[in-house]
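S.K.: Fold the following and give me the result.
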Amino acid sequence: MSEPVDRIASVIVPCRNELGHIEAFLASLATQHVPAGWTVEVVIADGRSDDGTTELLHRLAAGHPRLVVIDNPAGIVSAGLNRALARARGEVIVRMDVHTIYADDYVAQCLAALEATRADNVGGPWRAEGEGLVQRAIAAAFQSRWLAGGARSRQLDHDGWVDTVYLGCWPRVTFERFGGFDESLVRNQDDEHNLRISLGGGRIWQSSAIRSSYRPRASVAALFRQYLQYGYWKPFVMRKHGQPASPRHVVPALFVMALILCLAGTAFGLSPVYGLGLLALYAMVVAGASIAIAARAGWPCVAVLPAAIAAYHFGYGCGSLLGWVDVLRGAPAGRGRFARLTR
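M.R.: The predicted structure is shown next:
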């Protein structure tokens, strides 16, 4: 009799310039406990790193037959995911990120959720945790309902059908049915893919048992740059599908636009009280939100929270407006501003 062959779950990982993090990430993968009858392979798409990551990965892969390293010449996440997906052998695809820490049953819980729900994509909530005062404040703001806008993906105890999840785990047939990731998108390729699944009649399930923690940016300036890029690419997703994935995605742009119109209107005789009033109202809301968040996250965070909250809102809002400028002038996705990832 022939020996039974394990079922394969393929972990796909886009990666670029992660010399200081990649070994710890791979070590954490080695602690994953998967159900009997399953084996895990890891496919890393390296975006032509120039910090020594590529060389380190190839040395590590030489001694680990279940670690595969492939080239991602485009250097962006969506292209890396597609290349890793094409190389992966598994019937289940699990996406992972180098800057995330995973529970040792992360893959097992993904497999269990797929089995229980028969969903087209499953994942856990998006939990942010930080080290140091600034990163802790940024993480606390990220987790707050003042930033989440009702997004269930940030509700740590939510189990149920959702419009998106953090990272994701798919049966391979999902990609055969809905296609891969849109390589014209530098950011928001995961949101766009989930929107495509939903519009196509698919279903997405969030399980609170799928546990991980994400390390956000460690400075307010880096956070602003990140969300400027997130906001910029959102209009291209809306142009593609004719609708936002959620109304919350347009609120920051509307706020920034209202503020710009109020302040610009002073040149045409509009009283400055409108713009100043809007700013004062926003400042009061941010102050209240900062106090509410600091009461749970620790009072030292209150010194950073107003700037962090503003970086989230204004970064996303300003980026969205820049994106709409390029969408309305007919700029092709991927060839306008922010054509490369920022970190």
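S.K.: roughly how far out does stretch 134-145 sit from the chain middle?
M.R.: Relative to the centre of its chain, stretch 134-145 is centred 15 Å away, using CA atoms, centre = their mean, to the nearest Å.
S.K.: What segments of the stretch 201-343 of the chain are helices?
M.R.: Using DSSP state H, counting those that start in this stretch, the helices assigned to the stretch 201-343 of the chain run over residues 220-241, 251-264, 273-297, 305-328.
S.K.: As JSON lines, these with mean neighbour count would be great.
M.R.: To be clear about C-beta, it is placed using only N, CA and C from the backbone, and glycine gets the same treatment. Below are the helices of the stretch 201-343 of the chain laid out as JSON lines (neighbours: other CB atoms under 10 Å):
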{"stretch": "helix 220-241", "mean neighbour count": "21"}
{"stretch": "helix 251-264", "mean neighbour count": "16"}
{"stretch": "helix 273-297", "mean neighbour count": "15"}
{"stretch": "helix 305-328", "mean neighbour count": "22"}
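S.K.: possible to save those as TSV with distance to residue 128?
M.R.: Converted to TSV, the helices of the stretch 201-343 of the chain look like this (distance: least, CB to CB, whole Å):
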stretch	distance to residue 128
helix 220-241	11
helix 251-264	18
helix 273-297	11
helix 305-328	11
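S.K.: Output these in a markdown table; the columns should cover mean pLDDT.
M.R.: Formatted as a markdown table, the helices of the stretch 201-343 of the chain follow (pLDDT from 0 to 100):
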| stretch | mean pLDDT |
| --- | --- |
| helix 220-241 | 90 |
| helix 251-264 | 89 |
| helix 273-297 | 91 |
| helix 305-328 | 93 |
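S.K.: Looking at the ones you listed, which is nearest to residue 147?
M.R.: helix 305-328 (5.5 Å; CB to CB).
S.K.: Which strands or helices does that closest one pack on?
M.R.: The elements that helix 305-328 packs onto, with contact taken as 3 or more CB pairs under 8 Å, 6 or more residues apart in numbering; DSSP states H and E, are helix 133-143, helix 145-148, helix 220-241, helix 251-264, helix 273-297.
S.K.: got the angle for it vs helix 273-297?
M.R.: Relative orientation of helix 305-328 versus helix 273-297 (axes from the mean of the first three to the mean of the last three CA atoms, to 10 degrees): 120 degrees.
S.K.: relative to helix 220-241, how tilted is helix 305-328?
M.R.: Using the same axes, to 10 degrees: helix 305-328 against helix 220-241 is 30 degrees.
S.K.: Of the helices and strands packed on helix 305-328, which is nearest residue 213?
M.R.: Among the helices and strands packed on helix 305-328, helix 133-143 sits nearest to residue 213 (CB to CB), with 8.8 Å.
S.K.: Which residues belonging to the closest one are considered buried?
M.R.: Buried positions in helix 133-143, judged by neighbour count with 16 or more other CB atoms under 10 Å: 134, 135, 136, 137, 138, 139, 140, 141, 142, 143.
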